[in-house]
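Engineer: sequence unknown, structure follows:
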């Protein structure tokens, strides 16, 4: 029984320490009744987790579907917003036609080097 109480206290302390401190704007406490500054930062997710490259980032978008933001990042748009994901799989590092792929798109491919005419004699 004492071990269960110790485990519960340890979990409670871990959760309490993981919640970032919020300034009491407007005297409401806990961030003034909402997230500070209206930012899309979740107060229950530690900042060191939310800025990690493997953690998905929410972004606004209008069209539903999947597109590429750059050569290594895709944007999946849903009805409630867009989810920006990096292509972190080493076997599928490129974004091609809205999906993580092993082959880069035409815009991201390395251009082929043509032999100059003086070397082809």
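Structural biologist: In hand now; what should we look at? Quick caveat, the model's predicted, so the values are computed rather than measured.
Engineer: ok, residue 72 touching residue 87?
Structural biologist: Yes. Using C-beta atoms under 8 Å as the test, residue 72 is close enough to residue 87 to be in contact (5.1 Å). From N, CA and C alone the C-beta is placed, and that goes for glycine too.
Engineer: compare these two (neighbour count), which wins?
Structural biologist: Neighbour totals were compared for residue 72 and residue 87, and residue 87 leads with 19 against 15 (other C-beta atoms under 10 Å).
Engineer: residues in contact with that one?
Structural biologist: 72-74, 93-95, 100-101 (C-beta atoms under 8 Å, 6 or more residues apart in numbering).
Engineer: 6 Å instead, please
Structural biologist: By C-beta atoms under 6 Å, 6 or more residues apart in numbering, the contact set of residue 87 is 72, 93, 95, 100.
Engineer: residue 47: which of those residues is nearest?
Structural biologist: residue 72 (23.2 Å; C-beta to C-beta).
Engineer: how close does the closest one get to residue 49?
Structural biologist: In this view, residue 72 and residue 49 are 21 Å apart by C-beta to C-beta, to the nearest Å.
Engineer: residue 58 belongs to a strand?
Structural biologist: Yes. Assessed with DSSP: H, G, I helix; E, B strand; the rest coil, residue 58 lies in a strand.
Engineer: count of neighbours near the residue nearest to it when sequence neighbours are not counted?
Structural biologist: Leaving out its chain neighbours, the residue that sits closest to residue 58 by C-beta to C-beta, 6 or more residues apart in numbering is residue 81, at 5.3 Å. Using other C-beta under 10 Å, residue 81 has 12 neighbouring residues.
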